[in-house]
Each structure stands twice: as C-alpha cells, then as structure tokens.
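Novice: pasting the sequence and the predicted model now:
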Amino acid sequence: MKRHSEKYRYLYLIGIIAATIIIYTLSLSNSFVWDDNSLIRDNAVLRAPSPLFLFKQPFWTPSMSQDNPYYRPISLMWFWIGYKIWKISPLWYRIENLAVYILFIVLLYLFLRNKVNDFAALTGTAIFAFHPVHIENVAFVSGITDLSAGLFLIAGFLAHFSDKKFFRYALSPIFYLLAMLSKEIAVVGIAAIIIHDWIFKKNRLKKFLIDWALWSAMIPVYLFMRNSALGYILKSSGKQAPIFLKLLFAPYLLIRYIQNSILPLDIKPYHPEKLAQMSTIIGIISSAAIIFLVFISIKILKKEKIVIFGLLWFLLFLFPVLGIVDISSALWAERFLFIPSVGFVIVAGLLFEKFSSIKDRRIGKLPAILLSGYLLFLALISFTYSIYWRNDWILSRQMVDTAPDIPIGYAGLAYQFISIGEVDSAFYYSKKALELDSTYFTALNIFAGTYLERGEIDSAIFYLKKVISHYPDYVYGYSNMGKCLVEKGDTVLGVKYFEKAVSIAPRDAQANLNCGLGLIMLGDTLNGIELLRRACIYYPEGIDAPVALADLYISMGDTIKARRVIEKYPQIKIFYSTADTVFRGGKN
C-alpha cells in the first residue's frame, strides 16, 4: 500500500466504505435477535407520538431487567425514528445501523486525519471498519447504543478542534451530552478531552479551560435527566464481587481485550468467564504483564505524543468495562471495544505507516503485503462472524456451544421452542438453564410456562412464586401467575396479579390484554374494554388484542364498533367475514 496523494485520499475512503458494506451485506437479512425483540418489536415506548416521551423512560423495558436499568434516550430515539418510518421491519433497522456505522467511519477518518498523515489515517480507518469486534455493534440492532455514543463523541472532538467558537463552545459540549444520553461509557469523554489538550496543547492550556468547563457542565445536566427518569443516579445490583477481586482480575480482562484487538481469534456472543471462578495466579500474572508493558511503553514511546494519546484513549474507555464497575451481566464482551478501538487504530495505523516508510530494498513490498493480509483477515472473520447474529436459533446455539456453563444460551433455546409450541424441548432447555442458575428469571418463567402448557397448574404456580420472590418487578411473572389462577378457577385473585403486572408496566400490551380479559370475566366490561384498547395501541401490529376487542363488540351486538376495530387493524381481517353484519369466520 503506497502513500496517498491529496487527490486520491477520498477515493480510498470510498473504497473502505464500499468494502464495509460488502462485509455487512449478509447481516442485512438477519432477523431481530436477543434484546431486539423487547427493545423494538414489543416496546410500547416506540409507539409514543412524541420523542420527548423517551427522555422520561429507562432504556430496558420492564420485561427485560431487574437491576441497574440504563438511561439511553438518544439510543431509544434511533429506534423511535425507525419505527415511525418502517415500523418493525428488521431489514431497515439493520440498514439504519450500517448507515450510522458508515457515518462514524467518515468522522473517524477526519478525526485521525487531524492527528496523523493520510496513510496512517486511512489505515486506521480501514482496520476499524473491517474489525470483527464491531460486528455485534452493527449486526445486532440493539448495538446502536455504542454506535450512537461513538458517533457523537467523535463529533464532539471534531467540533472541539475547530477554530470557530460556535463549534467549540456550543456544538462540541452538546455532542458530548448526546453521547452520554446514548450510552453511559461516554461520560469518560471529559477525561479524554482533557488528556488530549494536555498532550497536544500543553503550552496553551488556558485557552481550553472554557471548553473543559462547558463539557463538565454537561455531566450534571445528564445526571439530572437520568435521576428525573429513573428516580436515582446509581443503583447497586446487590450482587457485586469484592473490590479486591475486581482489581486483581482487571489486568486479565485488559489482556483479553488487547488480544482480541490485535488478533481477534476469540470472538464470541457471550464469554463465560466469572470472577469467582478465576484463579488468583492468573490475576497476579496478568497484573505483572500489564505493569511490564506499561513500563516498556513509557520507555520507548515517551516522545511519541500521538501514540501515547492512542494508548491512553484505549485504556481510559476500557477502564469502566474491566469488571470494576458492575454494568453488564457479561464480565467482558467485544461490543465494549467499540469506542476504545479508536485508540487502538491510532496506534495500529501509525505503526503500519512507520513500517511502510522504511527505505530498505530487502523489505520491498512486505509492509503492503502484511497490511493487505491483515485487513483481509479482519474482513473474513467479520463476514463469517455476522452469521451468528442471523437469528435467535443460531445465536442461542452458539452461546450454548461456547459458554456451556452459562444459562443464557439454554434459556434462549427454551424460549424459541416454547414460541413454536415445542413444550418438551422448551422444558428440557429451561431445566438445563436452571441447573446452572436456579434463579435465572427467563428460565424460571419459561419453565413455569411449560407446566402451564401441560396443564400442571400447581407446578407452574410453584415456579412462578419463585420468579416473583426473586424478581418482584418482573412483569411477566405476575401475568403468568394470573393466567394460572384464572385457569384454576380463581379469577378474582388472578385479576389482582394482572393488575399488579399493569402497575409495573402500564404500557405493556400483553399485561393490558390479560388484565382486560380478566376484568371482562368478572363483569367489569367498561374497564376491560379500556384495557383492550390500550393493548391495541401499545402493540398495533399484534393480533390477540384487536381480535379480543372485535369479538367482544360482536358478542355485545355492536357491529359498528367491531367493524371499526377490524378496519383499524387490517391484520385481523382474515379472521372475519364482513358484509352488512360482522361475524367470526375465516382462518383460525
């Protein structure tokens, strides 16, 4: 790869973008996977008429998580915009993710170009664009949190580089705020910009005090918005490992991140490591290795400002995800590398540039061959790894294969099987998940559901009590308990559980549907109809709620209202025959 003239640099950038699109082409036909179903397909928040409503909501829906709900309204807004334009088509959400990724790549090139020459900037951009650690961020629709945070963070830095006061003093801090509202990791950006100015503008630091003050002012704004929406700023999960254990194994996780950044040969949807199961010797050896690497780096690179900045960027944005702060059920994951990778490609691009500049006939075209081979290696792994994110069947099976001691893969397969009516298979896999973690709420709920499907109501109630005991805010624990009690004949108590579910998740379509049907059974038709209407509004693509509402109007002899429901929700027309009157017919 030769040095690029000013004339051709954007052609190379277009080539990088074209190659990126080819790499991700296969993933565009993927279905919704994992959290996508709850965050997009079933998320009533996206049906809100105004995006301002998103700023009052936690990121997770009540059906997803019990601990530490995140506050990411800008990430939700990407989903909201997508829903308003193309409803719940996975293809278009994936195109949206890829478009944001490409925009990020363009901004990344401009960011790198501000610090290094064209060759290093284009090399670093290509490495980032083709790198398989970013597959989850792009091929997994819910991964837009990192894309959005990275996009606005780099935009904030570019505005900070500008000589125009409007860009530096207005746009730059606003972009920083938008980054924090996309994902919490962006909070670290204030430290990154201070380090940048300290390294590159040390003689003019007073000039940047206003910039730092404006960025710092965005943090209390973010915290105020977060507290207003969630009711707190931080919340402990109550399951934290001892701090000394976290610090001991942080270097091990750092080494794993470095390893997958340089040679991504251990890419998985879910890594099974747990702090409690790790050997102390591994932690000590890892700590010694990191100390040695830091010492050598300082000795060799103390005069290379851009390399030092790249390394510090990498370490700074990785620090929160080294297991020290409890932010995820996974101890480590490739998706956490998205923003830190900017620091990695700064160093990698510069190293390839230095290697290519060596004037030695014995080396010849070796630098170009190595770089081309490395980029091809990254692209091929990315292309093949995107297959794992094709649907929940493949993803869950891959999790079982690569993390057999973790319940998440088994619970995922159990959910898939119960969704298609394969109760015995769902029972088997949910039982396997519970053998690994007896309190895993997804597996407990599915396990109870298999008993309910079999008609073993008492067994279903037994496990649902465990769900509610361990997860008192899990909406489907109450919904399913209500179903069991209604099935058993205790409709009054069942409705109380339905009402509890609605109080936890007032915009959950299934909770409103169950409660509405329960109230109608008790003779409270007026309130029952209102809840059925809400269920239709919160999930307008569904079938159960509109059919239940139309059937109720037909049973009441109100064919005009029944016809209106059928016309408003055309997906249920196949169930009815309409002429002068409306009656149930068609398909079942």
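Specialist: Structure received. These figures come from a predicted structure and were not determined experimentally. Numbers count the residues shown, from 1 in each chain.
Novice: from Val347, how far off is the closest residue to Asn117 other than its chain neighbours?
Specialist: Once flanking residues are discounted, Asn117 sits nearest to Glu353: 6.7 Å by C-beta to C-beta, 6 or more residues apart in numbering. C-beta coordinates here come from the backbone N, C-alpha and C atoms, glycine included. When C-beta to C-beta, to the nearest Å is applied, the distance between Glu353 and Val347 equals 11 Å.
Novice: same check on Leu513?
Specialist: Distance of Leu513 to Val347, computed by C-beta to C-beta: 54 Å.
Novice: distance of Arg204 from Asp197?
Specialist: Counting by C-beta to C-beta, the gap from Arg204 to Asp197 is 8 Å.
Novice: the longest helix in this protein is where?
Specialist: Counting by DSSP state H, the longest helix found in the chain is helix 90-113.
Novice: after it comes which helix or strand?
Specialist: Once the chain leaves helix 90-113, the next helix or strand it forms, by DSSP states H and E, is helix 118-130.
Novice: could you list every helix and strand that that next one packs against?
Specialist: helix 9-25, helix 90-113, helix 341-356, helix 366-385 (3 or more C-beta pairs under 8 Å, 6 or more residues apart in numbering; DSSP states H and E).
Novice: now do it: everything it contacts.
Specialist: If you take C-beta atoms under 8 Å, 6 or more residues apart in numbering as the criterion, helix 118-130 is touched by 1, 3-4, 6, 9, 12-13, 16-17, 19-20, 23, 105, 108-109, 112-113, 115-116, 134, 341-342, 344-346, 348-350, 352-353, 356, 371, 374-375, 378-379, 382.
Novice: swap in stretch 466-476?
Specialist: So stretch 466-476 is contacted by 62-63, 66, 439, 441, 444-445, 448, 477-478, 480-481, 501, 504-505, 508, 510-511 (C-beta under 8 Å, 6+ apart).
Novice: off-centre distance for the helix or strand hosting Lys466?
Specialist: Applying DSSP H and E as the criterion places Lys466 in helix 457-470. Centre-to-centre, helix 457-470 and its host chain are 30 Å apart (C-alpha atoms, centre = their mean, to the nearest Å).
Novice: any buried residues in that helix, and which?
Specialist: Neighbour counts using 16 or more other C-beta atoms under 10 Å place Ile457, Ser459, Ala460, Ile461, Tyr463, Leu464, Lys466, Val467, Ile468 of helix 457-470 among the buried residues.
Novice: buried ones in whatever helix or strand comes next after it?
Specialist: Once the chain leaves helix 457-470, the next helix or strand it forms, by DSSP H and E, is helix 475-488. The neighbour-count check on helix 475-488 (16+ other C-beta under 10 Å) flags Val475, Tyr476, Gly477, Tyr478, Ser479, Asn480, Met481, Gly482, Lys483, Cys484, Leu485, Val486 as buried.
Novice: again, but for stretch 439-453
Specialist: 440-452.
Novice: could you dump that stretch to PDB, C-alpha only?
Specialist: C-alpha atoms of stretch 439-453 as PDB (Å, rounded to 0.1, in the frame of the first residue of the first chain):
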ATOM      1  CA  THR A 439     -32.800 -18.200  40.000                       C
ATOM      2  CA  TYR A 440     -32.300 -17.200  36.300                       C
ATOM      3  CA  PHE A 441     -35.600 -15.400  35.700                       C
ATOM      4  CA  THR A 442     -36.000 -16.100  32.000                       C
ATOM      5  CA  ALA A 443     -35.500 -19.800  32.500                       C
ATOM      6  CA  LEU A 444     -37.800 -19.800  35.600                       C
ATOM      7  CA  ASN A 445     -40.600 -18.100  33.700                       C
ATOM      8  CA  ILE A 446     -40.300 -20.400  30.700                       C
ATOM      9  CA  PHE A 447     -40.100 -23.500  32.900                       C
ATOM     10  CA  ALA A 448     -43.300 -22.400  34.600                       C
ATOM     11  CA  GLY A 449     -44.800 -21.800  31.200                       C
ATOM     12  CA  THR A 450     -44.100 -25.400  30.100                       C
ATOM     13  CA  TYR A 451     -46.000 -26.700  33.100                       C
ATOM     14  CA  LEU A 452     -48.900 -24.300  32.300                       C
ATOM     15  CA  GLU A 453     -49.000 -25.600  28.700                       C
END
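Novice: okay, now the unreliable bits of this structure?
Specialist: 1-7, 63-68, 202-203, 205, 235-248, 274-303, 323-330, 358, 360-364, 577-588 (pLDDT under 70).
Novice: show me how the record splits this protein into domains.
Specialist: Following automatic domain parsing, one gets these domains for the chain: 22-389, 392-584.
Novice: how far away from the center of its chain is stretch 261-277?
Specialist: Between the centre of stretch 261-277 and the centre of its chain there are 17 Å (C-alpha atoms, centre = their mean).
Novice: ignore what I typed, I meant stretch 174-189.
Specialist: The chain centre lies 15 Å from the centre of stretch 174-189; the measure is C-alpha atoms, centre = their mean.
Novice: from here on, count from 55
Specialist: In the new count, where the first residue is 55, that last one comes out as stretch 228-243.
Novice: now the end-to-end length of that stretch.
Specialist: Using C-alpha to C-alpha, to the nearest Å, one end of stretch 228-243 lies 12 Å from the other.
Novice: list the contacts for Cys590?
Specialist: Counting by C-beta under 8 Å, 6+ apart, Cys590 has contacts Ala563, Gly596, Ala599, Pro600, Leu603, Val619, Lys622, Tyr623.
Novice: run the last query once more with 10 Å
Specialist: 563, 566-567, 570, 596, 598-604, 619, 622-623 (C-beta atoms under 10 Å, 6 or more residues apart in numbering).
Novice: buried subset of those residues?
Specialist: Neighbour counting by 16+ other C-beta under 10 Å classes 563, 566-567, 570, 596, 598-604, 619, 623 among the contacts of Cys590 as buried.
Novice: nearest to Ser196, of the residues you listed?
Specialist: Ala563 (19.5 Å; C-beta to C-beta).
Novice: hmm, Ile597 is touching Ile620, no?
Specialist: No: applying C-beta atoms under 10 Å, one finds Ile597 not in contact with Ile620, separated by 11.8 Å.
Novice: with neighbour numbers in mind, choose between the two.
Specialist: The neighbour comparison of Ile597 against Ile620 (other C-beta atoms under 10 Å) goes to Ile620, with 23 against 13.
Novice: quick one: Tyr517 from Glu510, how far?
Specialist: For Tyr517, the distance to Glu510 - C-beta to C-beta - is 10 Å.
Novice: need the strands for the protein, in chain order.
Specialist: Assigned by DSSP state E, the chain shows strands spanning 630-632, 636-638.
Novice: contact partners for the nearest residue to Lys359 once chain neighbours are set aside?
Specialist: Nearest residue to Lys359, sequence neighbours excluded (C-beta to C-beta, 6+ apart): Ile253, at 5.2 Å. Each residue near Ile253 by C-beta under 10 Å, 6+ apart is listed here: Lys359, Ile360, Ile362, Phe363, Leu366.
Novice: again, 7 Å this time
Specialist: Lys359, Ile362, Phe363 (C-beta atoms under 7 Å, 6 or more residues apart in numbering).
Novice: what of Ile423?
Specialist: Not one residue lies near Ile423 by C-beta under 7 Å, 6+ apart.
Novice: report the separation between it and Leu176.
Specialist: Note on Ile423: its distance to Leu176, by C-beta to C-beta, is 17 Å.
Novice: next: Ala283.
Specialist: Computed with C-beta to C-beta, the distance linking Ala283 and Leu176 is 41 Å.
Novice: neighbour count: these two, which is higher?
Specialist: For Ala283 and Leu176, the more surrounded residue by other C-beta under 10 Å is Leu176, and the numbers stand at 26 against 17.
Novice: returning to what we had before: which one of the helices and strands packed on helix 172-184 lies closest to Leu106?
Specialist: Taking C-beta to C-beta, helix 144-167 is the member of the helices and strands packed on helix 172-184 nearest to Leu106, at 20.9 Å.
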